[in-house]
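J.: coords please:
(chains A and B)
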Amino acid sequence: MVRIPAQAIALLALGSGGLVATIFLGIMWAPDVNPSQWRAPAAYRIIFLHVPFAWTSFLAFGMLFWGSLGWYLRRTERSWRLVQSGSDLGLLFGIGVITSGPIWGMAEWGVPWDWADLRLNTFALLTALALFIVMARRSQPDHDSTRDTIAAVGLFGFILVPITAVATTLYQKRHPGVVIIESEDSGLDPAIRAVMMVGFVSITLLFIGFTIISDKLYSAEAEIELNLKALDEMDGGE
Amino acid sequence: MKWMGASELAGETHLIVAYVILIGSLALYGNWLRSRYRNIANSRASTLEARTPHPRDGED
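T.: Numbering: from 1, shown residues only, chains lettered A, B, ... in the order given. Okay, here's the model as predicted:
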């Protein structure tokens, strides 16, 4: 019987509470933006979850990369479980980013997507990569050769992470620039930045809680798979 | 250009839709983890039960 650590449940509870606080602060406390400069001023509050989702997705993609590297170097089950959880969570947070972003874009820009913007497209590719890995894991037999192929995609796909991170600095077409580093360009109100940080901490707590539980479940499922194989071999031998 | 009024309302609608999708996706993922946990808990092969005779053993 798999046991879910109490710490993971506590992290999920804390993260959920923080998420509610982020939404409350984002709507009730964060200042309004200048309505004359924005097409849809109310929609800007999407960033209080959109940006923390994006940052957390990078943690998930980092976990996927670390697991892929570990699989190549040591071929341990622990590394493979990092690939499994990293791709699941990368897909979860990636989809959150590429749905909430275009919703804001639709309200503010009038178009949901810009095919000429580097960050939008590299991030979409990253999410597509996580989707590919999740689907490949589910559709292909779980052999070392399959894991090698998936880990290779995870390793080489990670190059998109730094490209996406610096995309708005190197080549800003439409997506807003860096918001967390203080600069004349960012001009972000301290209250807005504070709410975004509350959101980031909350979603990171959820991410850690999800990761712990996902790791336990994948470990238990692998053990069940081994048990079933042993049963089948017992059947076959009789 | 006049974007006020209708666009402000539209902005609020966009905000609500985005929040529902983001929180809903987290809830769905949590629910998926819970269903996997239940599957494992109910699986015959999850514990020592795996070492008990297979049901098909008596068929021969």
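J.: Right, and chain A sits closest to which residue of chain B?
T.: B:G11 (3.3 Å; Cβ to the nearest Cβ). Glycine gets a C-beta too; all of them are placed from N, C-alpha and C.
J.: Would you enumerate the residues in contact with that residue?
T.: Applying Cβ atoms under 8 Å, 6 or more residues apart in numbering or on different chains to B:G11 gives the contacts A:40-44, A:107-108.
J.: One more: A:L19?
T.: A:49, A:199, A:202-203, A:206, B:23, B:26.
J.: let's see it at 7 Å
T.: Residues in contact with A:L19, defined by Cβ atoms under 7 Å, 6 or more residues apart in numbering or on different chains, are A:202-203.
J.: what mean pLDDT does the strand or helix carrying B:A41 have?
T.: According to DSSP states H and E, B:A41 maps onto helix B:6-42. Averaged across helix B:6-42, the pLDDT comes to 88.
J.: list the buried ones in it?
T.: Across helix B:6-42, burial judged by 16 or more other Cβ atoms under 10 Å in any protein chain shown covers B:7-8, B:10-12, B:14-15, B:17-19, B:21-23, B:25-26, B:29-30, B:33, B:36-37, B:40.
J.: What of stretch A:78-87?
T.: Neighbour-count burial for stretch A:78-87 flags A:79-87 (criterion: 16+ other Cβ under 10 Å).
J.: go on, stretch A:153-162?
T.: Buried residues in stretch A:153-162 (16+ other Cβ under 10 Å): A:153-155, A:157-158, A:160-161.
J.: Send me the helix or strand harbouring A:S145 as CSV with only the CA atoms.
T.: Using DSSP H and E, A:S145 maps to helix A:144-157. C-alpha atoms of helix A:144-157 as CSV (Å, rounded to 0.1, in the frame of the first residue of the first chain):
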residue,chain,number,x,y,z
ASP,A,144,15.2,0.9,-21.9
SER,A,145,15.4,1.8,-25.6
THR,A,146,12.1,3.7,-25.3
ARG,A,147,13.4,5.5,-22.2
ASP,A,148,16.6,6.3,-24.1
THR,A,149,14.7,8.0,-26.9
ILE,A,150,12.4,9.9,-24.6
ALA,A,151,15.4,11.0,-22.4
ALA,A,152,17.2,12.2,-25.5
VAL,A,153,14.1,14.4,-26.4
GLY,A,154,14.1,15.7,-22.9
LEU,A,155,17.8,16.5,-22.9
PHE,A,156,17.9,18.3,-26.3
GLY,A,157,14.5,20.0,-25.8
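J.: Lowest average confidence across helices and strands of chain A, where is it?
T.: helix A:160-170 (a mean of 75; mean pLDDT, DSSP states H and E).
J.: so after that helix, what's the next helix or strand?
T.: Taking DSSP H and E, what comes next after helix A:160-170 is helix A:190-237.
J.: That following helix and chain B in contact?
T.: Yes: part of helix A:190-237 sits near chain B under the criterion Cβ under 7 Å from any Cβ of the partner chain, namely A:206, A:210, A:213-214, A:217, A:220-221, A:224, A:227-228, A:231, A:234-235.
J.: Helix B:6-42 and that helix, what's the angle between them?
T.: 30 degrees (axes from the mean of the first three to the mean of the last three Cα atoms, to 10 degrees).
J.: What is helix A:190-237 packed up against?
T.: helix A:6-28, helix A:47-74, helix A:77-108, helix B:6-42 (3 or more Cβ pairs under 7 Å, 6 or more residues apart in numbering or on different chains; DSSP states H and E).
J.: who wins for proximity to A:D117 among those helices?
T.: Proximity to A:D117 (Cβ to Cβ) singles out helix A:77-108 among the helices and strands packed on helix A:190-237, at 9.6 Å.
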